[in-house]
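Enquirer: Kindly return the folded structure for what I paste below:
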Amino acid sequence: MMKHFNNTLVILGMSFCLVFFPNCRENIIATEEELADYGWTMYQANDYLEAREWFGDAIRKDTLYYDSYNGMGWTMGHLRQADSSVYYFEKFLAIETSFADILDFHAGLSFAYNALGKNTEARTHCNIFFGKQNPILDPDWYFSHNNKINYLDVRLILAVSEFRLALFENCQESINKIYKDSGSTTVVNVDYTTVPGRSALAAHLATLQKILQNS
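Expert: Residues are numbered from 1 along each chain as shown. Here you go, the predicted model:
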């Protein structure tokens, strides 16, 4: 009976300690993965300032964890700091080029460079994006933290970059691929060597942008 009573006191004592003295238990230290995961939670809640803090903490925790840089790159893009977005994506790619979700990096870089008006760099990362992935699987890619962003958006950035670089034949091909993959029967065949033909390409780019934004 006394032994049972003593055991009961021990259990009650431990419970008291845990409730009123949290330091009785070893402090829980979040891993870089947990920090980044919460950063994505904030990102998906459109709280980009808070997301930036969590991804920053994750990077400081482990400078070799790719998803922290991935999150920071996309977050800085939403904060309209495209140059910082490029910085974080490129910084990790300089460390490692073989890891999960690498297409997120090249998609993010294509958007960021496009925003900076660096069309050659944007086109380069678009081509890497499509070159790194089996063309049969292209329709399967979408940004896992915002499924409204998919490979068609990257293809549109490619088309815009080609237009700005005066690669009008390539631009027309990219436009037709977007129409085809989005289920449209539209086929663009203009004389892109003329001003009216180039104006028509620009009009199609604007139309596709609206279609993809609303899809």
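Enquirer: So for Leu137, what's the pLDDT?
Expert: At Leu137, the pLDDT value in this model is 62.
Enquirer: hmm, which helix or strand of the protein has the shakiest average pLDDT?
Expert: None of the helices or strands of the chain scores lower by mean pLDDT, DSSP states H and E than helix 2-20, at a mean of 36.
Enquirer: now the strands for the protein?
Expert: Applying DSSP state E to the chain gives strands spanning 142-143, 146-150.
Enquirer: Could you check how far the last one is from the centre of its chain?
Expert: Strand 146-150 sits 9 Å away from the centroid of its parent chain (C-alpha atoms, centre = their mean, to the nearest Å).
Enquirer: Repeat that for the first one.
Expert: Mean-position distance between strand 142-143 and its chain equals 8 Å (C-alpha atoms, centre = their mean).
Enquirer: hmm, back to that, out of the strands of the chain, which is the most enclosed?
Expert: Comparing the strands of the chain by mean neighbour count (mean count of other C-beta atoms under 10 Å), strand 142-143 ranks first with a mean of 17. All C-beta spots, glycine's among them, are computed from the backbone N, C-alpha and C.
Enquirer: Which other helices and strands does that strand contact?
Expert: Packing partners of strand 142-143 (3 or more C-beta pairs under 8 Å, 6 or more residues apart in numbering; DSSP states H and E): strand 146-150.
Enquirer: related to what we said a few turns ago, please dump the strands of the chain into TSV; it should also carry mean pLDDT and distance to Ile128 for every row.
Expert: As requested, the strands of the chain are exported to TSV (pLDDT from 0 to 100; distance: least, C-beta to C-beta, whole Å):
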stretch	mean pLDDT	distance to Ile128
strand 142-143	94	16
strand 146-150	93	17
